[in-house]
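1. attaching a predicted model along with its sequence, questions to come.
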Amino acid sequence: MRELAIPATLPLQPVSTPWLIEAGCELAILRLDQLDLQVSGNKLFKLQPYIERMQQQGLRGLISLGGAHSNHLHAMAAAAQRMGITAVGLVRGPAVDSQTMADVQRWGMQLHWLSREAYRARREAHFVEDWQRRHPDLQWVPEGGDGALGQQGAQAIWQVLHASLPALGWVSCDAVVCPVGTGTTWQGVARLASCPVWGMSAVPKHYLPPTLRADPCLILACRRGFAQSDTALAAFAAEFFAQTGVVLEPVYTAKALLALRYQLADGKFARGSRLVMLHTGGLQGIRATADWPVSAEVAA
Ligand SMILES: Cc1ncc(COP(=O)(O)O)c(C=O)c1O
């Protein structure tokens, strides 16, 4: 079985925009999106402990769930193909011909389309038990790579960040900004970090578990709702790309950065602060948003 490795460091790209200059803050983007073309962003970090558990238990693959545009299923299918292991995806129906699902099937993932009603039961114990009974030789991975193992894996993002600072000439940073879906990445990074880690939520507050809703470092970034784009967001991403060359996608990273811009304008961060934003990847998902201005820049 081939292994997928997490590098010790990744590019930490300093960016400059008029709104950063106005706020008197420095920002660098940790390019987790450059880790791999397909197993990109935060995904391998969250999957790694599940892969290790699979190996320890002598299982032959992974089973997980998500939507038809899921970055998580996309990365898991690519990882499984590279490693030569089985991947099964439970997908929220009704079945659609998304490019994401075309990719995962091309890479050999077996799909089970679930009705919306069946998918809604995913947090109930019997749901996991039923699927584990049907696939006893596969390691269960919760939605989005969530769970204790996912959080444990996400801690390594802080280690990569810390090891990447010297190349930028920084010994430390004052705050980290992390896009949030399940909150797994945010909570994992925050557990090791020596500075505040702000969770920019791409989902409305009520989607999050109560403990995360109450976290003082939570900032709502979901705008009109999860996976809803809008013209101001698209214009922001286009402008940011023109200024920095960094491609943001509409669901997580563009919303996180735009929310950061609003926080800077409100004076949330002291002048002179050094900030790091985690680019959590997900660029494949751009294909699901019509008229997203920087889609042409995404590598196939
Ligand atoms: C591109 C991208 N960024 C951020 C997130 C949010 O990560 P988490 O679910 O760990 O909060 C996701 C979802 O996994 C994602 O696909």
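-> Done, it's in. Please read all numbers here as calculations on a predicted model, not as lab measurements.
2. contacting residues for A256?
-> 177-180, 200, 202, 221, 277 (CB atoms under 8 Å, 6 or more residues apart in numbering). (Glycine included, C-beta is placed from N, CA and C.)
3. in contact with the residue lying closest to it once chain neighbours are set aside, which residues?
-> Nearest residue to A256, sequence neighbours excluded (CB to CB, 6 or more residues apart in numbering): M200, at 3.6 Å. By CB under 8 Å, 6+ apart, the contact set of M200 is 177-180, 219, 221, 255-256, 259-260.
4. quick check on M200: phi, psi?
-> M200 adopts backbone torsions of phi -100, psi 100, taken as degrees, to the nearest 10.
5. buried sites along stretch 209-227?
-> Applying a neighbour-count criterion of 16 or more other CB atoms under 10 Å, one finds 212, 215, 217-223, 227 buried in stretch 209-227.
6. actually, stretch 137-153.
-> 138-147, 149-153.
7. that one: end-to-end distance?
-> Chord length of stretch 137-153, first to last residue, is 22 Å (CA to CA, to the nearest Å).
8. likewise for stretch 212-219?
-> Start-to-end, stretch 212-219 (CA to CA) is 11 Å.
9. near the ligand at all, it?
-> No: Stretch 212-219 stays clear of the ligand (CB under 6 Å from any ligand atom), getting no nearer than 9.3 Å.
10. what's the answer for stretch 245-257, then?
-> Yes: using CB under 6 Å from any ligand atom, we find that stretch 245-257 touches the ligand at Y252.
11. the stretch 101-250 of the chain against the ligand: which residues are in contact?
-> So the stretch 101-250 of the chain meets the ligand at 144, 179-186 (CB under 6 Å from any ligand atom).
12. make TSV from those residues and add pLDDT to it.
-> TSV is the format used below for these (pLDDT from 0 to 100):
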residue	pLDDT
G144	96
P179	98
V180	98
G181	98
T182	97
G183	98
T184	98
T185	98
W186	98
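13. for the residue in the stretch 151-300 of the chain that the ligand sits nearest to, which non-adjacent residue is closest in space?
-> Residue nearest to the ligand within the stretch 151-300 of the chain: G282 (2.5 Å; CB to the nearest ligand atom). Nearest non-adjacent residue to G282, counting by CB to CB, 6+ apart: N71, 4.3 Å away.
14. pretty sure that neighbour sits against G285.
-> Yes: counting by CB atoms under 8 Å, N71 touches G285, with 5.5 Å between them.
15. quick one: common contacting residues for the two?
-> T100.
16. tell me which of those two has more neighbours.
-> N71 (26 against 23; other CB atoms under 10 Å).
17. okay, and the beta partners of L138?
-> Counting by DSSP bridges, L138 is bridged to G61.
18. ok, now how distant is it from the ligand?
-> Shown here: L138 relative to the ligand, a distance of 20 Å by CB to the nearest ligand atom, to the nearest Å.
19. tell me the pLDDT at that residue?
-> Listed pLDDT for L138 reads 98.
20. what does the one 10 residues further on give?
-> On pLDDT, A148 comes in at 97.
21. sec struct for it, please.
-> helix (DSSP: H, G, I helix; E, B strand; the rest coil).
22. can you show me the strands along the stretch 151-300 of the chain?
-> Along the stretch 151-300 of the chain, counting by DSSP state E, counting those that start in this stretch, strands occupy 175-180, 197-201, 218-220, 274-278.
23. turn the ones you listed into CSV, columns for distance to D103.
-> Shown next, in CSV, are these (distance: least, CB to CB, whole Å):
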stretch, distance to D103
strand 175-180, 22
strand 197-201, 27
strand 218-220, 31
strand 274-278, 24
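24. want to try a markdown table for the residues of the stretch 101-250 of the chain next to the ligand, with distance to L208 as columns?
-> Output for these, formatted as a markdown table (distance: CB to CB, whole Å):
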| residue | distance to L208 |
| --- | --- |
| G144 | 12 |
| P179 | 13 |
| V180 | 8 |
| G181 | 9 |
| T182 | 8 |
| G183 | 6 |
| T184 | 11 |
| T185 | 13 |
| W186 | 10 |
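25. among those residues, who's most crowded?
-> T185 (32 neighbours).
26. I'd say that residue and L44 touch.
-> No: using CB under 8 Å as the test, T185 is too far from L44 to be in contact (11.7 Å).
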